[in-house]
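Visitor: Below is the structure, and that's it, no one-letter string:
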Ligand code: C2E
Ligand code: MG
Ligand code: MG
Ligand code: MG
């Protein structure tokens, strides 16, 4: 009942008049309807190699709220995690991304693309996670080597053995793992080196301040060396300028994602962008 009231409040007051608690309750309530109402959409952001070739994309979810318009994931993913709604939402994201990958595989200009999908901690922790991913891959009929799962250091809160076991099963099927937002978490390097990862993803906060903060420049360089030392690939997110790209290339990072190349795009625009390259 309280939640229904929250939903009604939405209709009579504008955002500025709502308390944070009411906004949160309304958001939480709306989120429950958002999956059956098909209010989500995936955007795709290109990933680029040293020669400017488009190698793949990252799928990024957006919520097209009927009243609020486009709600960015930073505003609702944590609510979805706390309420458990991330499980059905995460499943939809994975299914939609894999169905898209299957369509690209049929088009000569797009068939080479890999697709990175963000996986939340709660989704990864679910006991059926591995089976679910394998079932989705099978159903879509995609090449598992084209699928990359982005996880964050926060999964290491769990039993490391369990995490390794799960990752190993998927890796043996060809699925890749990238460690997103690397450098912003608290994981110890000794745990990190045990995870069967394929890639480290340098967080955009380090890339952003590479010329204004010597610490961030040092961290970015260190992540690249660490990746090389652990025989992992490395990609930088949030690359907005040529100067940032050059800095990263000088440090030994040759894979990039960011506004310099393209913003995340709806699928039709993404495909057009790819075909124009
Ligand atoms: P992330 O996975 O680290 O994604 C990178 C974020 O950086 C995206 O924000 C992207 O739009 C943004 N970005 C890309 N290039 C640039 C750039 O050059 N400059 C700047 N300033 N930003 C750039 P977005 O799409 O708002 O997503 C935010 C976060 O929400 C993601 O961070 C991820 O943690 C989460 N998220 C997004 N989609 C999903 C999803 O499908 N599932 C889950 N579980 N989480 C998701
Ligand atoms: Mg990501
Ligand atoms: Mg990231
Ligand atoms: Mg992030």
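Guide: Received it, and whenever you're ready, just let me know what you need. Note that the structure is predicted; figures quoted are calculated from it, not measured. Ligands and ions are numbered 1, 2, ... in the order given.

Visitor: So whichever residue of the stretch 1-150 of the chain sits closest to ligand 3: helix, strand or coil?
Guide: Nearest residue of the stretch 1-150 of the chain to ligand 3, counting by Cβ to the ion: residue 150, 7.1 Å away. Bear in mind the C-beta positions are built from the backbone N, C-alpha and C, glycine included. State at residue 150, reduced to three classes by DSSP: H, G, I helix; E, B strand; the rest coil: strand.

Visitor: contacting residues for it?
Guide: Applying Cβ atoms under 8 Å, 6 or more residues apart in numbering to residue 150 gives the contacts 58, 116, 117, 118, 119, 177, 178, 179, 180, 201.

Visitor: same question, residue 66
Guide: Residue 66 neighbours (Cβ under 8 Å, 6+ apart): 37, 39.

Visitor: I figured residue 81 hits residue 122, correct?
Guide: Yes: between residue 81 and residue 122 a contact is recorded at 5.1 Å, counting by Cβ atoms under 8 Å.

Visitor: thinking again about what came up before, which residues does the residue of the stretch 1-150 of the chain closest to ligand 3 form a beta bridge with?
Guide: Under DSSP bridges, the beta-bridge partners of residue 150 are residue 118, residue 178.

Visitor: pLDDT score for it?
Guide: For residue 150, the model assigns a pLDDT of 98.

Visitor: do you know how far it is from residue 266?
Guide: According to Cβ to Cβ, to the nearest Å, residue 150 and residue 266 sit 20 Å apart.

Visitor: now swap in residue 123 and tell me
Guide: 24 Å.

Visitor: Mind checking which of these two has more residues around it?
Guide: residue 123 (23 against 12; other Cβ atoms under 10 Å).

Visitor: and that one, that's in a strand?
Guide: No: if the criterion is three-state DSSP, then residue 123 is helix and not within a strand.

Visitor: what does the model give it for pLDDT?
Guide: Note on residue 123: pLDDT of 96.

Visitor: Find the nearest non-adjacent residue to it, please.
Guide: residue 90 (4.1 Å; Cβ to Cβ, 6 or more residues apart in numbering).

Visitor: isn't that neighbour right up against residue 119?
Guide: Yes: counting by Cβ under 8 Å, residue 90 touches residue 119, with 6.9 Å between them.
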